[in-house]
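Visitor: Dropping a prediction and its sequence here:
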Amino acid sequence: MLDGIDISNWQEDINLEEVEFGFCIVKATDGTRFVDKTLHTFARRIFAMGKPFGFYHFANNPERGGSAIEQARYFVDACKDYFGKGIPVLDWEDSDWKYGGPVLELGPSFAFEWLREVYRLTGVKPWIYTSKSVCNSWDWSEVAQEGYALWGAQYATNDTLLGYQDNPWQDSDPWGAWGYNIPIFQYGSGWATNSNCPVDLDKFYGDTSAWQMYVDGDSPQPVSGVSAEDVLNVARSYLGCNEDDGSFKKIIDLYNTIVPLPVDYKLQYSDEWCDGFVSAVAWQAGAYELIGAECGVERHVEIFKEKGIWNEDGSIVPNVGDIIVFNWDDSTQPNDGDSDHIGYVETVENGQIVCIEGNMHECVGRRYIEIGWGYIRGFAQPKYSGGVTPQPTPTPVDPKNNRDGGKLDVDGICGWNTTIDMQHILGTYEDGTISGQSAYADQYVWAVVSREFGYGGSMMVRALQRLVGASEDGYWGKETSTRLQQYLCSKGYQVAVDGYFGTESVSALQRCINDGKFGGE
């Protein structure tokens, strides 16, 4: 990312060579009869410093400054020496008649006409500068869809700021038709480092090469600075959103702000929305260029392949922030069938993957699965800023040190202590929780209170099923209860073998663990 400033004749005496800035945008023209007196001087000084450069036109009401076409041609003629050296911009805001008059009342069509004319004359698509409130008060979809990027403005305060901000405030609303993914943001006015006068402060979400692409007319969407954690924080913010209370609708609404809208299809509330969630999160986090967008998982896999980030091997250890794709028609690796479902990898630790997924039982939730789970179709591995997020080093846990005393209380309730002892003995991730379980199995495991409902089953339950000879699906239901009761009987602990794992069965399990017989031959 680059910190920068924008200036005009109001900063005529700025000590530009002493100011720390990554780029500078200067005022060029106004209407059809005004060239800013500092334009050429500022441009020469910025070029001499080798800094990225931009130049803007201040839109005028046609009663004062001519039609959109006339103003565009005036701008191009006055700035003909700067195309190919800097980024052209249209400044779209109201002012007093003395300075240009009201323009917002003209609507996006006037601005669109100016932008198109500059593009026709130069082959470069200008930016448009305006506020977030303007973005959300008019329909800018045509402008955004044709690739005219937004330089957005929103201030947290009108107080004078002291220096650049690493993470300037924005509210949670999108930038209208541009969604959440804009290349440059003006967040206030204040003192840039070493400046002798106040300036407007801006942040460009890209590097100098991304800036140059805009100069050359390539109009990229810069993604420098977007980390895996940035994306995951957005995904986490939607946990719990569901269809029952309608809270999932904001995800669908966000998806429909993506420009251009994938396959030109507006996602409906009645549609499956797992990939809509992944795409909306990427859009909000500014990772659209890294991840792409789709509402169909199979089509999204093709986008991943085009970006060179697709890994067909579902058995690998993924990175935090990877996108995980599932195929429910095949439970074995390698899995190369059609893609059915998609989500984000949140953590990878001790052989377990934790995912955040949309439309998981009609809500946004977490799934807990083993590395190499057969239903994994593959992974997309975006090239986030900062590279691969390091995986935590597993810390061995001694269950006897996680509570007072060396023995379990034989209380007939399988809670955190009993569960973590089972996880330790079975060699699975030790968190005291049996994750990914079905609420429909309550009657068969009513004394097992450490369960967490979800989807995907539990690593510990799969290991338990292998131990007792039950079908290995990760869900603790009647069959697993029955097989475990038979197992306990074989170890000398008499319980009813009825498939209902209540307090009698749990007490026998706790005694078996305390006696060191659980998990043994």
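Guide: Looks like it arrived, so ask away. Numbering: from 1, shown residues only.
Visitor: domain parsing for the chain?
Guide: With domains defined by automatic domain parsing, the chain comprises 2-216, 228-380, 399-514.
Visitor: got JSON lines for these, with mean pLDDT and mean neighbour count too?
Guide: Yep, even glycine has a C-beta here, placed from its N, CA and C like the rest. Below are the domains of the chain laid out as JSON lines (pLDDT from 0 to 100; neighbours: other Cβ atoms under 10 Å):
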{"stretch": "domain 2-216", "mean pLDDT": "91", "mean neighbour count": "19"}
{"stretch": "domain 228-380", "mean pLDDT": "91", "mean neighbour count": "19"}
{"stretch": "domain 399-514", "mean pLDDT": "86", "mean neighbour count": "19"}
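Visitor: Strands along the stretch 1-150 of the chain, start to end?
Guide: Along the stretch 1-150 of the chain, counting by DSSP state E, counting those that start in this stretch, strands occupy 2-7, 23-30, 34-35, 53-58, 87-91, 127-131, 150-153.
Visitor: how about the nearest residue to the spatially most central residue of the chain, chain neighbours excluded?
Guide: The chain has residue 231 as the residue nearest its centroid, 2.9 Å off, counting by Cα atoms, centre = their mean. Excluding its sequence neighbours, the residue lying closest to residue 231 (Cβ to Cβ, 6 or more residues apart in numbering) is residue 285, at 4.5 Å.
Visitor: With residue 463 as the reference, measure out to that neighbour.
Guide: From residue 285 across to residue 463, the span is 36 Å (Cβ to Cβ, to the nearest Å).
Visitor: likewise residue 43?
Guide: Distance from residue 43 to residue 463, by Cβ to Cβ: 68 Å.
Visitor: what does residue 139 give?
Guide: From residue 139 to residue 463 the distance is 56 Å (Cβ to Cβ).
Visitor: Assign residue 356 to helix, strand or coil.
Guide: Of the three states, residue 356 takes strand under DSSP: H, G, I helix; E, B strand; the rest coil.
Visitor: Same check on the one 3 residues further on?
Guide: Counting by three-state DSSP, the backbone at residue 359 sits in coil.
Visitor: Just give the closest residue to it, not the sequence neighbours.
Guide: Using Cβ to Cβ, 6+ apart, the closest residue to residue 359 is residue 274 (4.1 Å).
Visitor: Just list the residues touching the one you found, thanks.
Guide: Neighbouring residues of residue 274 by Cβ atoms under 8 Å, 6 or more residues apart in numbering: 297, 341, 342, 343, 357, 358, 359, 360.
Visitor: For the second one, give me its contacts.
Guide: Under the criterion of Cβ under 8 Å, 6+ apart, the neighbours of residue 341 are 274, 297, 325, 326, 328, 357, 359.
Visitor: any idea how far the third one is from residue 366?
Guide: According to Cβ to Cβ, residue 325 stands 17 Å off from residue 366.
Visitor: Equivalent analysis for the second one, please.
Guide: To residue 366, residue 297 is 19 Å away according to Cβ to Cβ.
Visitor: Where do the strands of the stretch 201-350 of the chain begin and end?
Guide: 310-311, 323-326, 341-349.
Visitor: Quick one: these as a markdown table, columns for distance to residue 83 too.
Guide: A markdown table is the format used below for the strands of the stretch 201-350 of the chain (distance: least, Cβ to Cβ, whole Å):
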| stretch | distance to residue 83 |
| --- | --- |
| strand 310-311 | 38 |
| strand 323-326 | 39 |
| strand 341-349 | 41 |
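Visitor: And these: which comes nearest residue 414?
Guide: Closest approach to residue 414 among the strands of the stretch 201-350 of the chain (Cβ to Cβ): strand 341-349, 23.2 Å.
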